[in-house]
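[1] My questions are about this predicted structure, shown below with the sequence.
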2 protein chains.
Amino acid sequence: MKAEVVSIGTELLLGQIVDSDAAFISQRLAEIGIGVYRRATVGDNLERVTATISEALERADVVITIGGLGPTEDDLTREGIAAAMGEPLIVDEAIAEQLKHLFESRGYPMTQSQYRQAQRLPSSKPIPNPHGTAPGLRVEKDGKILFALPGPPIEFKPMALEHVIPFLAQKTGGAVIRSRVLRIAGLGEAMVEDRVRDLLKSDNPTVAPLAHTGEVHLRITARADQIAEADRLIAEREAELRERLGDFIYGIDEMRLEEAVAQLLWDRKQTLATAESCTGGLLGSRITDVSGSSEFFVGGVVSYSNALKMSLLGVPESTLREFGAVSEPTARAMAEGARTRLHAHWGIGITGIAGPEGGSPEKPVGLVYIGLADPETTVVKEFKFIGDRQAIKWRAAHSALILLRRGILADGCASFSQSS
Amino acid sequence: MKAEVVSIGTELLLGQIVDSDAAFISQRLAEIGIGVYRRATVGDNLERVTATISEALERADVVITIGGLGPTEDDLTREGIAAAMGEPLIVDEAIAEQLKHLFESRGYPMTQSQYRQAQRLPSSKPIPNPHGTAPGLRVEKDGKILFALPGPPIEFKPMALEHVIPFLAQKTGGAVIRSRVLRIAGLGEAMVEDRVRDLLKSDNPTVAPLAHTGEVHLRITARADQIAEADRLIAEREAELRERLGDFIYGIDEMRLEEAVAQLLWDRKQTLATAESCTGGLLGSRITDVSGSSEFFVGGVVSYSNALKMSLLGVPESTLREFGAVSEPTARAMAEGARTRLHAHWGIGITGIAGPEGGSPEKPVGLVYIGLADPETTVVKEFKFIGDRQAIKWRAAHSALILLRRGILADGCASFSQSS
């Protein structure tokens, strides 16, 4: 079964809104074995909307339209579908009644233009929209299936999951596609590929690497007649990959590195304090993006000035004078100062040059020192990051999380520093 | 002149990469008076790539393809264009030679597959790619113009700006579209619209409101025969809008709020210190995203625990006991503590409940107090934000920047607190 997706809206065409619905539905369709062969985006113009839908219906078994179902005169998807499928539009009295009740309950009068949302093709079935006013449509005709859903993601996504995917899954009855992402940090893309190269060539399940800033993701995708069989294929391949990559794999699917680190700290009932210079608070912000982080994160100091490095963290003036603010000894003193002054098990210190100004031949933009202190030992790593200011900040915070994760897994900096 | 954009790549089709190039080129084309009528996304399949390009060429005067120009067998754009335009592919010896030099200079041998990037249609002109290996192509044939550019944005965008837009601007010679965005903070969308409603109806220039988290943007777009005339229309409308909206307009086009605040602090040679609780360092991180922020940002404390609020910021234990960590008096003490303990002109204190846990009927999720202290006065504002944890953090940091900006513009908290 082949599908095409048609997104409708001038703002989408001009890129003023990102079309997250199209990606969402493409991925969900792939999971039930339906490939999306093309996606089209077209503006609010009846002729072009009609032509685009017609062409998609000629080529594909399933067409999903996104957007253009609202009450205003710009919203032309209903008209376009009617023209493409050779039917008139009728007013569905039941929908009109529902809309009227909805507006009454909100204390607004229902304007004439709102009635447009009650229009549908005679051969169509309305799809309820619990999060908005515009219902969707399903039309089955001449062996083709068309779904029309509203564009706001908060309306589109639940309607797709409740009414489109189950309906089509039943129709296909057959092959399912399942996938799982293994998230890897602390090992570059080339090194990951070296370890798993032979597995990247396999056909079912497939293993596809995707490089992200500071991370590599491996997407395992399996195809089978039944979900259970696809899941078994994924589990087997995952086991092999875990054997090769060990605990460089920090999580699966949507898990973020800061969540993986939070879980390790919760499990061990250990606390953390941070001292950030070039990252300016980004590490603390990422850690506190995790709900419940107050249980392990006592807080931090953003010691952008040397005066604060001394007064709040106890970095000796002589260290700053002799080695400079961006140096191994300063990162060490910051990590230890955060740990002892803020009373935590772990202390992290980050100091570096985020650029684009402030670099020198000896200390170029992108040079960052990250210290990690536990009650016995402190380790400091030197990094040379590339990218713009925000990328360097992000990589530095990410590397601090990787370093902390390795320290926790090694049960402390001492054994970890010997092994590295 | 009508244009269509064809994006090529299975990863785009599945939404694993966001197609920022397509939006970018659509906007730039609009600015020179060329409307993009459709966008299509197609996977790495020669038949579908060829058909999509052929169809676009039938309808449009200009077709721009994005991606699929790399060295691997998945990269089929060259083949698709050749098939769609009825030409063979030849190897361009000059390009092959350049590629060979490029690989030699990097110390890599050039593999056979890299030679694919030296292929082009006999009637095409290569477009140099200073940031990557794959050159682009320009083909003019039968009254149509086709551009093929590589997909990575760092390669695509400069090539589009240097070779596509100027070439097409010269061809059209005529109507230009220019636009400017006014960025507004501290006034909600409805209030902005109330002040400028009559101007939203004008035709040339048009004024379109776009709501973003915590901000409203007004995009002025003017059409004229000459750039100077379009710019004059924009300047006139901008003056009217500024009269209505005053200094709620903090900047134009790409300027971010933190950059506007930084500029005000630089101009006044004033310094800033922060005390963040629920934002966890996000405010500091946003401030330090501005290059040169070390000149005014001395640093901050992320006082996630009550102990740190007391030890590092001097918040009295009695305040925390009597009013709680999330309260007007605590925000006040945090702002003042940041200012005096960290030695800055301005101090900001943020305390609140980012959720999703930790709310209560009296202090619900989203309740945030933000304090702003100058040498004479401290003001505290109460906010009730909606959204998930990250949205609440973002809105709180944003509101702190708005509060600080108002304080600076009012020459201190005293006059500002009387006037609000």
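    Everything's here; your move.
[2] Which of the three states applies to the residue nearest the centre of chain A?
    A centroid search over chain A (C-alpha atoms, centre = their mean) returns residue A:254, at 6.6 Å, as the residue closest to the centre. Secondary structure state of residue A:254, per DSSP: H, G, I helix; E, B strand; the rest coil, is coil.
[3] Check the gap between it and chain B for me.
    Distance of residue A:254 to chain B, computed by C-beta to the nearest C-beta, to the nearest Å: 14 Å. Where you see a C-beta, it was placed from the backbone N, CA and C, and this is true even at glycine.
[4] Tell me which residues touch that residue, please.
    Neighbouring residues of residue A:254 by C-beta atoms under 8 Å, 6 or more residues apart in numbering or on different chains: there are none.
[5] just the one 3 residues further on next, same as before
    Residue A:257 sits next to A:183, A:185, A:215, A:250-251, A:398, A:401-402, A:405 when contact means C-beta under 8 Å, 6+ apart.
[6] which residue packs closest to it, ignoring adjacent ones?
    Spatially, and ignoring its direct neighbours in sequence, residue A:257 is nearest to residue A:401 (5.0 Å; C-beta to C-beta, 6 or more residues apart in numbering or on different chains).
[7] Give the burial count for the residue of the stretch 51-200 of chain A found nearest chain B, as a bare number.
    Using C-beta to the nearest C-beta, the closest approach of the stretch 51-200 of chain A to chain B is made by residue A:52 at 6.7 Å. Residue A:52: 26 surrounding residues under other C-beta atoms under 10 Å in any protein chain shown.
[8] same deal with the one 4 residues further on?
    As a burial measure, the neighbour count of residue A:56 was computed by other C-beta under 10 Å and equals 24.
[9] you'd agree it is in a helix?
    Yes - assessed with three-state DSSP, residue A:56 lies in a helix.
[10] these two touch, right, it and residue A:62?
    No - using C-beta atoms under 8 Å, residue A:56 is not in contact with residue A:62, being 9.4 Å away.
[11] how about the residues of the stretch 101-250 of chain A near chain B?
    residue A:210 (C-beta under 8 Å from any C-beta of the partner chain).
[12] Let me see the ranges of the strands in the stretch 201-350 of chain A.
    A:206-212, A:215-224, A:249-252, A:272-276, A:297-302, A:346-352 (DSSP state E, counting those that start in this stretch).
[13] Pairing partners for the last one, with directions?
    So the one you mean is strand A:346-352. strand A:272-276 (parallel), strand A:367-373 (antiparallel) (DSSP bridges).
[14] likewise the second one?
    Each strand that pairs with strand A:215-224, with its direction, by DSSP bridges: strand A:176-185 (antiparallel), strand A:206-212 (antiparallel).
[15] List the contacts of the first one.
    With contact meaning C-beta under 8 Å, 6+ apart, strand A:176-185 is reached by A:30-33, A:169, A:192, A:214-227, A:230-231, A:234, A:238, A:241-242, A:245, A:248-253, A:255, A:257, A:398, A:401-402, A:405.
[16] again, but for the last one
    Among residues not part of strand A:206-212, those counted as contacts by C-beta under 8 Å, 6+ apart are A:189, A:192-193, A:196, A:199-200, A:216-222, A:237, A:241, B:16.
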